[in-house]
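Engineer: Sequence and predicted model, in that order:
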Amino acid sequence: MKINWNLSILFTAFLLLALTYWNYQNRVYDWDMPGYIGSVLEYDNSKSPDEIRTITYTSIEKEAFPIHYADLIGTSPRDIPRQFFKKNTQAFTEQLPYFQIKVGYNLVILLFYKLGATLPMSVLLVSLISYFISGLLFFFIVKLIFPEKYLIAVLLTFCAFILPPMTYMSRVSTPDMFIFQFILILIVGLLKKWNSWVMFFLLFTITFIRPDYITMTLTYLFSIFLFQYFKERKLDFKLIFQGIILLALYFVIMKFYHYPGWKDLFYDSFISRRPIMSAQPANFGLKEYLDIIYIKIIYFKKVTLSLAIMVSVIFWLSKDLWTRIISLLFVINVYIKFFFFPQSAALRFFFPFIFPVFIMMLYAISQKYNGFRLNKIQ
């Protein structure tokens with residue numbers, strides 16, 4: 001048994017290493033990269049805004065593939081706001097709060113930079129290493145769900161980690177792959193029945209990395225609160241206290257980095273990207289918002305169908321209330337994310353919530369297959 005385990009994990013690690021190198025070879029220098037590099041350089045108080053902008057773009061130009069760099073600075077295809085960000089310090093600096101609020105992510109980039117990596121490579125390394133770690137975590141999760149089924153664990157890990165959203169997240173300069181590994185750790189904590197304060201530390205870390213995940217961390221606590229109240233008829237006030245701490249963290253980060261707000265983000269992302277944010281207010285009404293949601297949700301039908309199938313399988317195979325609650329928790333967060341940020345063409349924004357539903361479906365199958373039970377949080 002131990003030999004099979006050692007062989008399977010070594011083989012999986014080799015596959016993941018090969019896939020990580022393949023993703024490195026196909027790395028993408030996208031337009032988010034300047035924002036995160038600029039955010040990291042902001043930690044050095046000795047540099048002026050002009051210097052930060054100049055260093056950001058010159059460091060990327062030295063390493064990026066020409067086609068990527070042309071897209072990044074808005075010359076091919078033509079993109080006026082991106083051209084402004086490269087040439088105008090005010091335009092570039094006003095965009096930084098969108099990126100600075102991902103504090104945990106930026107600190108890890110800074111760590112790689114201090115260890116000797118270049119600025120662009122520091123950003124890319126976070127995604128690539130997170131991809132490898134996430135693969136090992138998923139292999140461990142499958143092993144927990146299907147004990148002794150090592151071949152299933154290897155095959156599922158390989159198939160999952162060659163999915164286009166997964167490989168794409170590993171190649172780009174965004175925190176999606178980095179946060180994904182913490183979502184997987186959260187799943188491990190559920191399966192292994194970790195202490196509630198350990199789970200809270202995970203929720204705190206997730207919020208510190210990506211404050212926009214506050215909806216997920218709070219709905220998670222709310223789910224536990226409801227489960228304990230209706231199932232066990234008790235009120236756990238420490239969950240309320242934990243929620244207050246998470247909200248406080250969120251508002252402190254937003255305030256410290258002068259985050260413009262959801263309305264500005266929505267306007268810049270779906271209505272019109274402003275070259276200089278302070279020169280034009282982000283004005284739009286309910287009608288404009290609903291028109292965009294209507295258009296975007298049509299292109300979200302594949303995600304909706306996939307979630308509907310997985311949830312149906314879970315409810316068909318599992319009668320366990322906690323399994324159903326956790327599954328619905330992640331489904332609900334897919335749509336919370338969508339209604340706040342309906343970028344239906346970019347699956348990476350929703351994948352960290354979609355994939356756990358797939359894991360819960362595997363668990364529901366395992367309940368029928370070998371009687372394994374998901375422990376409840378005490």
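Structural biologist: Here it is on my side, so go on. Bear in mind that the values here come from a model prediction, so they are computed numbers and not experimental data.
Engineer: Enumerate every residue touching Leu125.
Structural biologist: Contact analysis of Leu125 by CB atoms under 8 Å, 6 or more residues apart in numbering lists Phe112, Ala117. In short, each C-beta sits where N, CA and C put it, glycine included.
Engineer: What helix or strand is it located in?
Structural biologist: Leu125 is part of helix 119-145, with elements assigned from DSSP states H and E.
Engineer: Check the average confidence over that helix, would you?
Structural biologist: Here helix 119-145 scores 96 as its mean pLDDT.
Engineer: repeat for stretch 286-305
Structural biologist: 93.
Engineer: Pull out the buried residues from it.
Structural biologist: For stretch 286-305, burial by neighbour count (16 or more other CB atoms under 10 Å) applies to Tyr289, Ile292, Ile293, Lys296, Ile297, Phe300, Val303.
Engineer: again with stretch 235-253
Structural biologist: Buried residues in stretch 235-253 (16+ other CB under 10 Å): Asp236, Leu239, Gln242, Gly243, Leu246, Leu249, Tyr250, Ile253.
Engineer: Kindly reformat these as JSON lines containing secondary structure and pLDDT.
Structural biologist: Compiled in JSON lines, these are given as follows (DSSP: H, G, I helix; E, B strand; the rest coil; pLDDT from 0 to 100):
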{"residue": "Asp236", "secondary structure": "coil", "pLDDT": "81"}
{"residue": "Leu239", "secondary structure": "helix", "pLDDT": "93"}
{"residue": "Gln242", "secondary structure": "helix", "pLDDT": "96"}
{"residue": "Gly243", "secondary structure": "helix", "pLDDT": "96"}
{"residue": "Leu246", "secondary structure": "helix", "pLDDT": "98"}
{"residue": "Leu249", "secondary structure": "helix", "pLDDT": "98"}
{"residue": "Tyr250", "secondary structure": "helix", "pLDDT": "98"}
{"residue": "Ile253", "secondary structure": "helix", "pLDDT": "97"}
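Engineer: can you name the two of the residues you listed that are farthest apart?
Structural biologist: Farthest pair in the buried residues of stretch 235-253 (CB to CB) is Asp236 and Ile253. Separation: 26.1 Å.
Engineer: returning to what we had before: name the nearest of the buried residues of stretch 235-253 relative to Ser59.
Structural biologist: Ile253 (25.9 Å).
Engineer: Roughly how far does the closest one sit from Ser122?
Structural biologist: Using CB to CB, to the nearest Å, Ile253 is found at 21 Å from Ser122.
Engineer: now do Glu63
Structural biologist: Applying CB to CB to Glu63 and Ser122 gives a distance of 11 Å.
Engineer: Let me see the contact set for Phe222.
Structural biologist: Here Phe222 is in contact with Gly243 (criterion: CB under 8 Å, 6+ apart).
Engineer: That one sits in which helix or strand?
Structural biologist: helix 214-232.
Engineer: Would you mark the buried spots in that helix?
Structural biologist: 214-221, 223-225, 227-228.
Engineer: Then stretch 145-160?
Structural biologist: By neighbour count on 16+ other CB under 10 Å, the buried set for stretch 145-160 is Ile145, Phe146, Lys149, Tyr150, Ile152, Ala153, Val154, Leu156, Thr157, Phe158, Ala160.
Engineer: from those, which is closest to Thr323?
Structural biologist: Of those, the one sitting nearest to Thr323 (CB to CB) turns out to be Ile145, at 11.5 Å.
Engineer: ok, now how distant is the closest one from Met360?
Structural biologist: 10 Å.
Engineer: cool, and Ser366?
Structural biologist: Distance from Ser366 to Met360, by CB to CB: 10 Å.
Engineer: Serialize the buried residues of stretch 286-305 to a markdown table and add fields for distance to Asp30.
Structural biologist: A markdown table is the format used below for the buried residues of stretch 286-305 (distance: CB to CB, whole Å):
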| residue | distance to Asp30 |
| --- | --- |
| Tyr289 | 26 |
| Ile292 | 23 |
| Ile293 | 25 |
| Lys296 | 21 |
| Ile297 | 25 |
| Phe300 | 22 |
| Val303 | 22 |
